[in-house]
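Participant: I need the structure of the sequence given here:
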Amino acid sequence: EVQLVESGGGLVQTGGSLRLSCLASGFTFDDYAIGWFRQAPGKEREGVSCINSYDDRTYYADFVKGRFTISKNNAKNTVYLQMNSLKPEDTAVYYCAAYDLGWGHNCPRDRYLQIRGQGALVTVSS
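Facilitator: Down below sits the predicted model:
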């Protein structure tokens, strides 16, 4: 079965840290680019950070630059999102998704995401 499974979400206070993990199975990890996306209540899903599988170039949305770090472990078929200095506005459901390598390290729009995880809720209290 082709799937992405997120873990590591939870409740944290402002300024705290969390690390999300995304475990891929059922497909060849290196055949796709992987990214993290989030959706807050009442808002559209947006790209947070994405990584290119063949050169490890990364993209970060302006609102997380300097605070979040994306990384991957090919041997474990896992992509991580280290989130530091969390703010209440970071509260959202975080999804990992796989998409065509042609996007490079950019985060594509939602309709181009080919494999999606179920999401992990991150809540940052003020």
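Participant: Next up, the contacts around residue 126.
Facilitator: 14, 88 (C-beta atoms under 8 Å, 6 or more residues apart in numbering). Heads up, the C-betas are built off the backbone N, CA and C, glycines and all.
Participant: Just to check, residue 22 is in contact with residue 98?
Facilitator: No - with contact defined as C-beta atoms under 8 Å, residue 22 does not reach residue 98; the gap is 9.1 Å.
Participant: shared neighbours, these two?
Facilitator: Common neighbours of residue 22 and residue 98 (C-beta under 8 Å, 6+ apart) are 4, 34.
Participant: When those two are compared, which one has more neighbours?
Facilitator: Between residue 22 and residue 98, residue 22 has the larger neighbour count (other C-beta atoms under 10 Å), namely 26 against 23.
Participant: Now the more buried one. Nearest residue, chain neighbours left out?
Facilitator: Closest residue to residue 22 apart from its sequence neighbours, by C-beta to C-beta, 6 or more residues apart in numbering: residue 96 at 3.4 Å.
Participant: Same check on residue 110?
Facilitator: That would be residue 45: by C-beta to C-beta, 6+ apart, it lies 5.0 Å from residue 110.
Participant: Give me the pLDDT for residue 29.
Facilitator: Per-residue pLDDT puts residue 29 at 79.
Participant: OK, contacts around residue 89?
Facilitator: Applying C-beta under 8 Å, 6+ apart, the residues near residue 89 are 40, 63, 124.
Participant: wait, which of these is closest to residue 114?
Facilitator: The nearest member of the contacts of residue 89 to residue 114, counting by C-beta to C-beta, is residue 40 at 23.1 Å.
Participant: Many thanks, have a good one.
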